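> pasting a predicted model and its sequence here:
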Amino acid sequence: MAHQLERKKQENTGTDFTLLLNRLQRAVLHDQVAASEIAALNNQSIWQNLDSEQKLKWASLAEIAGQVDTALGVYKDLVKTAPEFHQGWVAFLELLSILDRPKALAAILARARHFLSQDLVNEWEKKILSMRPHSSDKDLSGTSVPFEQMVLKRELMGHFMSLFSGRKDVFARQWVDKKEKKSGYVPVRQAMTLENIDEHVQGRMTYGFYLLQADSKVRCGVIDADIIARLRSGKLAAQDKITLKRERTYMISRIRERSAEIGLEPVIEFSGYKGFHFWYFFSKPVDASVVRSVLNDIAQPVDADISSFDLEVFPKQGKLNAKGFGNLVKLPLGVHRFTGKQSFFMACAKRDLDSQLGFLKTITPTDPDILSTASVTKEKKCVVLHPRMAGFAKEYPELYDLERLCPPIGQLIATLRNRSDLALREEKVLYQTVGFLSRQKTLLHYLMSFGGDYNPHMVDFKLSKLRGTPLGCKRIHSLLGFTGDYCDLELGTEAYLHPLLHLKQWTACSEKKTESTRLNSLQDALENMKVAILQVQRFIQ
């Protein structure tokens with residue numbers, strides 16, 4: 001039979017092999033395979049002239065008949081001559097999986113990646129990871145680790161792309177002209193791929209994505225906090241360094257707290273150039289206008305309290321116009337082409353790429369339904385606090401209220417609670433305000449204990465030296481270099497503006513004072529002011 005088939009093939013390479021395939025199929029399926037059928041199945045000069053569908057069927061019959069090497073040869077030829085025929089790749093992979101050959105399976109999958117759907121590739125990658133090489137196969141054990149790392153990395157990059165998801169048909173590439181000190185983005189009019197993500201995180205290219213989908217919905221939003229231009233050029237003065245550090249800590253703390261009040265938790269990224277990004281992720285697309293409104297409610301009050309950063313919310317638009325792509329944001333973990341610095345997520349202690357990508361797996365996107373009723377700019381009857389903040393508010397309500405209601409004092413409190421030390425001038429301001437409350441010792445010992453050089457005896461000593469009245473708002477603004485507006489307080493006949501007027505605890509404390517300490521005349525007020533001036537001078541010296 002093999003001889004006859006060979007003669008037919010030599011006579012006409014265009015022979016229709018349908019009858020031959022049907023005959024072999026009947027023999028194989030009915031377990032009536034004779035030597036002639038085996039010879040035919042193994043005859044390379046026959047199956048090399050089959051079309052793709054016929055080769056697939058031929059390899060399957062050879063596999064059933066126990067002619068594994070022939071089946072592998074046919075599959076290898078099939079994917080080489082017709083790589084777009086995805087059924088050939090799948091059948092080839094399935095046979096290698098049955099044969100428990102992970103090394104060969106990984107090699108074929110790497111070639112098949114460009115011809116199979118991403119979902120199918122992901123499925124096969126998981127299957128390969130579940131396979132365990134034989135302990136005696138040293139070659140396999142040596143090659144499985146790199147492949148597993150490759151698969152894991154692609155999985156992490158796929159998760160990265162699902163979080164930072166926006167418009168599907170276009171993204172952008174960053175360019176920079178260092179000579180002119182300019183940078184910008186140009187559109188790349190195609191869908192972003194995992195290969196693009198790999199280029200980005202490896203630093204070979206830097207890409208951005210357009211937040212708004214074609215239907216004007218978004219899967220994420222961001223508060224962009226940039227250091228003001230004046231502080232990005234040249235060497236910073238000592239006071240600018242102090243202010244920048246204090247306001248950075250306060251900004252991060254307040255944005256977190258205001259976000260938590262409505263059930264949101266931002267993921268904070270150092271941008272690699274001039275500030276920070278506060279990312280918010282949602283489990284399903286939500287109207288850009290809703291996200292913009294809520295994030296503005298979070299950012300605007302904080303922006304008014306600080307002078308070293310400008311806060312900006314993305315998306316800026318609530319709806320796409322007919323021609324534009326919408327707002328663009330740089331993808332995280334890329335290298336800024338201007339500075340050469342790579343961005344990173346601050347909550348991840350390790351800065352290496354694998355750890356940073358792995359950190360994103362811990363993020364759970366928020367159900368956007370909570371945004372429909374969220375409003376952090378209006379007074380709420382019941383504010384849900386993070387457990388850490390709830391404990392702080394319960395134990396130290398005076399400090400909690402000051403941090404929220406008085407921006408300059410709030411910056412100092414936030415700095416200490418984030419375990420950063422205060423400058424001498426900042427410390428003096430805190431003593432001259434909190435030090436006049438009835439629980440002065442409890443409050444100041446609590447705050448100062450966060451510092452690296454906490455000395456309880458020194459705290460008591462400084463408290464014992466306090467005289468006069470709390471430091472006024474004007475003087476505090478001057479000492480701290482704070483450029484924000486004064487708080488809008490209902491003072492009535494009270495002429496002296498200071499931070500403790502925000503507190504009910506201060507009102508209660510003031511009512512307990514004896515008649516001799518009350519301001520009954522302008523002369524008394526002047527005398528008390530002289531004492532306060534002397535006290536300030538003592539601290540300055």
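Now that the structure is in, tell me what you want to look at. Every value quoted in this text rests on a predicted model; they were computed, and no experiment measured them. Numbers count the residues shown, from 1 in each chain.

> L116 reaches G88, doesn't it?
No - with contact defined as C-beta atoms under 8 Å, L116 and G88 do not form a contacting pair (10.7 Å). All C-beta spots, glycine's among them, are computed from the backbone N, C-alpha and C.

> the two: which has the busier surroundings?
Counting neighbours by other C-beta atoms under 10 Å for L116 and for G88 shows that G88 has the greater number, 26 against 17.

> show me which residues of stretch 311-325 are buried.
Buried residues in stretch 311-325, defined by neighbour count with 16 or more other C-beta atoms under 10 Å: L311, E312, V313, F314, P315, Q317, L320, F325.

> would a markdown table of those with pLDDT be doable?
Shown next, in a markdown table, are these (pLDDT from 0 to 100):
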| residue | pLDDT |
| --- | --- |
| L311 | 93 |
| E312 | 93 |
| V313 | 94 |
| F314 | 93 |
| P315 | 92 |
| Q317 | 87 |
| L320 | 84 |
| F325 | 84 |
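
> let me have those residues in TSV, extended by distance to V186 and secondary structure.
Shown next, in TSV, are the buried residues of stretch 311-325 (distance: C-beta to C-beta, whole Å; DSSP: H, G, I helix; E, B strand; the rest coil):
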residue	distance to V186	secondary structure
L311	27	strand
E312	22	strand
V313	24	strand
F314	19	strand
P315	20	coil
Q317	20	coil
L320	19	coil
F325	11	coil
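
> which residues of the protein fall in strands?
171-177, 182-188, 207-210, 217-227, 267-270, 275-287, 309-314, 328-330, 344-345 (DSSP state E).

> relative to strand 171-177, how tilted is the second one?
Strand 182-188 and strand 171-177 are oriented at 150 degrees to each other (axes from the mean of the first three to the mean of the last three C-alpha atoms, to 10 degrees).

> who touches strand 182-188?
Under the contact criterion C-beta atoms under 8 Å, 6 or more residues apart in numbering, strand 182-188 has outside partners 170-177, 207-208, 325, 328, 337-338.

> now do the longest one
Identification of contacts with strand 275-287 by C-beta under 8 Å, 6+ apart yields 163, 213, 215-227, 251-252, 255, 259, 264, 266-271, 291, 295, 309, 318, 329, 332, 343, 346, 363, 365-368, 371.

> name the residues of it that are buried.
For strand 275-287, the neighbour count (16+ other C-beta under 10 Å) marks G275, F276, H277, F278, W279, Y280, F281, F282, P285, V286, D287 as buried.

> could you give the average pLDDT over that strand?
Averaging pLDDT along strand 275-287 yields 93.

> just the fifth one next, same as before
Strand 267-270 shows an average pLDDT of 93 in the prediction.

> and stretch 414-421, by the same measure?
82.

> could you count how many residues lie near I413?
25.

> what's the closest residue to it other than its chain neighbours in contact with, if anything?
Using C-beta to C-beta, 6 or more residues apart in numbering and skipping the chain neighbours, the partner closest in space to I413 is E403 (4.6 Å). Neighbour list for E403: I409, G410, I413, A414 [criterion: C-beta under 8 Å, 6+ apart].

> ok, back up a step: what subset of the contacts of strand 275-287 is buried?
163, 213, 216-227, 251-252, 255, 259, 264, 266-271, 291, 295, 309, 329, 332, 343, 366, 368, 371.

> so where do the helices sit in the stretch 301-450 of the chain?
353-359, 387-395, 397-405, 407-417, 424-434, 440-448 (DSSP state H, counting those that start in this stretch).

> can you give me the buried ones in the fifth one?
Meaning helix 424-434. Within helix 424-434, the residues scored as buried using 16+ other C-beta under 10 Å are E426, E427, K428, V429, L430, Y431, Q432, T433, V434.

> so the first one sits right up against Q239, yeah?
No - here E426 does not reach Q239: they are 10.8 Å apart, not a contact under C-beta under 8 Å.
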